[in-house]
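Undergrad: structure for the following, please:
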Amino acid sequence: MKLTGPEGGFELNILDYECSDSPYFMDRNWLIVSLKAKYYDDECVRTAPILSTWEIELLLKWMRSVVNGNEISPKLTFVEPALGFNNISPGHGDYRLRIKLGSDARPNWQRDTTPFYLPVAPDKRELQRAIQDLEQQLQRFPVRD
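TA: Got it, this is the predicted structure:
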């Protein structure tokens, strides 16, 4: 999933399940993801188990609501506080998102321990492509019973 803007870009890719043979439902559904953040000339890649399969489903639902103009909530957070999304779009098909990168997702150029907020401004087609890409990734790593 890729989102871009004039100041940089963000990419999220599911790499694998964190635990492949755990007897616990919650553990079987944690995912190892790769996050790539670019802000002007700075670029950083982080890999960590910070999202679950059902949180990817929630992210997809949230992104669809943003693109359809029926926003569920302006902010989306997850169990792990490393990643978050905030819709600050002015409306009229002009999308503006702030992606929170904290703890395990914080870029190496962020010198202190506060989260970094990455602005992206995808157009409608790019946001729809990001949704489709994330749906395809989730098909490869579905929620496991």
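
Undergrad: next helix or strand past the lowest-mean-pLDDT helix or strand in the chain?
TA: Least confident element among the helices and strands of the chain, by mean pLDDT, DSSP states H and E: helix 25-28 (a mean of 89). Counting by DSSP states H and E, the next helix or strand C-terminal to helix 25-28 is strand 30-39.

Undergrad: helices or strands next to the least confident helix or strand of the chain in the packing?
TA: For helix 25-28, there is no helix or strand it packs on, judged by 3 or more C-beta pairs under 8 Å, 6 or more residues apart in numbering; DSSP states H and E. Every C-beta, even on glycine, is put in place using the N, C-alpha and C of the backbone.

Undergrad: identify the residues contacting that helix?
TA: For helix 25-28, the external contacting residues (C-beta atoms under 8 Å, 6 or more residues apart in numbering) are 17-20, 22, 52, 144-145.

Undergrad: these: which two are farthest apart?
TA: Comparing every pair within those by C-beta to C-beta identifies Glu18 and Asp145 as the most remote, at 16.6 Å.

Undergrad: top helix in the chain by residue count?
TA: Determined from DSSP state H, the single longest helix within the chain is helix 124-140.

Undergrad: give me the angle between that one and strand 30-39.
TA: 150 degrees (axes from the mean of the first three to the mean of the last three C-alpha atoms, to 10 degrees).

Undergrad: on that earlier part again, more neighbours, Glu18 and Asp145?
TA: Remark: of Glu18 and Asp145, Glu18 carries more neighbours, 18 against 6, as counted by other C-beta atoms under 10 Å.

Undergrad: contact partners for that one?
TA: Glu18 sits next to 27, 30-32, 49 when contact means C-beta under 8 Å, 6+ apart.

Undergrad: hmm, what's the outermost residue in this protein?
TA: Within the chain, the residue lying farthest from the chain centre (C-alpha atoms, centre = their mean) is Pro23, at 27.0 Å.

Undergrad: would you say that one is within a helix?
TA: No. The assignment for Pro23 by DSSP: H, G, I helix; E, B strand; the rest coil gives coil, which leaves it out of any helix.
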